[in-house]
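S.K.: What follows is a protein structure lacking sequence information:
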């Protein structure tokens, strides 16, 4: 029996204006236990795609389903399926690191025992154990990003939606994040990650979605992208540049 995708995006057209949509007939899926890279130039529609998946924007046409359910069918179930790490950390300035973590645990219905079991390894992994009492307003950008990452991985959702997570992170924290992504993928969770650091995600993603001007122009493992670009042994950076600059996809 085929495994149901955790995320299904089917023929979605959408954006801020019906007269000038950003996304055009976009279709893709993410399977359980799969890490998928969403890549494209600035303005390609990656962030708009993520906003539609999160339910912050509604499609003009098409459907988005998480575990077979649309947002309108069950908002609570839909939103508890995923955790989101945004490009720019969004924290409550007057709450401490610990209060952010506890608030996240409450929002996802995480019990006290599970919270205690999960939080210490995360704090140690991201070198934040001594900073739990510090308010968000006193954190550097990198530390704020770590709080967002810890909140997402604390709740252990079935789908992680991660947008440009490496900005502001030091090399050790980048490695910690990559190790965590591998761990949750091996446990059966799914990851949709958008990043411009292609040399890094090339090593970790199972498949890639190449967006250009609001359309999906190529999708598949890196070998499929290389074949489409006619560059059978090139790194993902070079393949990507060829795909989005050739005449047929301008």
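M.R.: Here it is on my side, so go on. Owing to the predicted nature of the structure, the values given are computational and were not obtained by experimental measurement. Numbering: from 1, shown residues only.

S.K.: ok, and the residue nearest to residue 210 when sequence neighbours are not counted, which helix or strand is that part of?
M.R.: Leaving aside its chain neighbours, residue 210 sits nearest to residue 218 (4.5 Å; criterion: CB to CB, 6 or more residues apart in numbering). All C-beta atoms are positioned from the backbone trio N, CA, C, and that covers glycine. Counting by DSSP states H and E, the element that carries residue 218 is strand 215-220.

S.K.: Who are the packing partners of that strand?
M.R.: In terms of contacts (3 or more CB pairs under 8 Å, 6 or more residues apart in numbering; DSSP states H and E), strand 215-220 is packed against strand 23-30, strand 207-212, helix 222-229, helix 236-245.

S.K.: What's the local residue count around the residue nearest to residue 224 when sequence neighbours are not counted?
M.R.: Nearest non-adjacent residue to residue 224, counting by CB to CB, 6+ apart: residue 218, 7.1 Å away. For residue 218, the neighbour count with other CB atoms under 10 Å is 20.

S.K.: Tell me which helix or strand comes right after the helix or strand of the chain with the lowest mean pLDDT.
M.R.: Ranked by mean pLDDT, DSSP states H and E, the helix or strand of the chain with the weakest confidence is helix 75-80, at a mean of 91. The helix or strand immediately downstream of helix 75-80 is strand 82-85, counting by DSSP H and E.

S.K.: Just checking: what are the partner strands of that next one?
M.R.: Paired neighbours of strand 82-85 in the sheet (DSSP bridges): strand 159-163 (parallel).

S.K.: And the next helix or strand past the strand it pairs with?
M.R.: Heading C-terminal from strand 159-163 (DSSP H and E), you reach helix 171-186.

S.K.: Next, the angle strand 159-163 makes with that next one.
M.R.: 150 degrees (axes from the mean of the first three to the mean of the last three CA atoms, to 10 degrees).

S.K.: who's in contact with helix 171-186?
M.R.: By CB atoms under 8 Å, 6 or more residues apart in numbering, the surrounding residues in contact with helix 171-186 are 33-35, 125-127, 142, 146, 149, 153, 156, 160, 162, 165-166, 169, 191, 193, 200, 204.

S.K.: now swap in stretch 112-131 and tell me
M.R.: With CB under 8 Å, 6+ apart as the criterion, stretch 112-131 contacts 97, 101-102, 105, 110, 132, 139, 143, 146-147, 149-150, 153-154, 156, 172-173, 176, 179-180.

S.K.: Just the buried ones from those, in PyMOL syntax?
M.R.: If you want just the buried ones from these in PyMOL, going by 16 or more other CB atoms under 10 Å, the selection is:
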select buried, resi 97+101+102+105+110+132+139+143+146+147+149+150+153+154+173+176+180
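
S.K.: residues near the spatially closest residue to residue 221 that is not a sequence neighbour, how many?
M.R.: What sits nearest to residue 221 in space, not counting adjacent residues and going by CB to CB, 6+ apart, is residue 207, at 5.5 Å. For residue 207, the number of neighbouring residues by other CB under 10 Å comes to 18.
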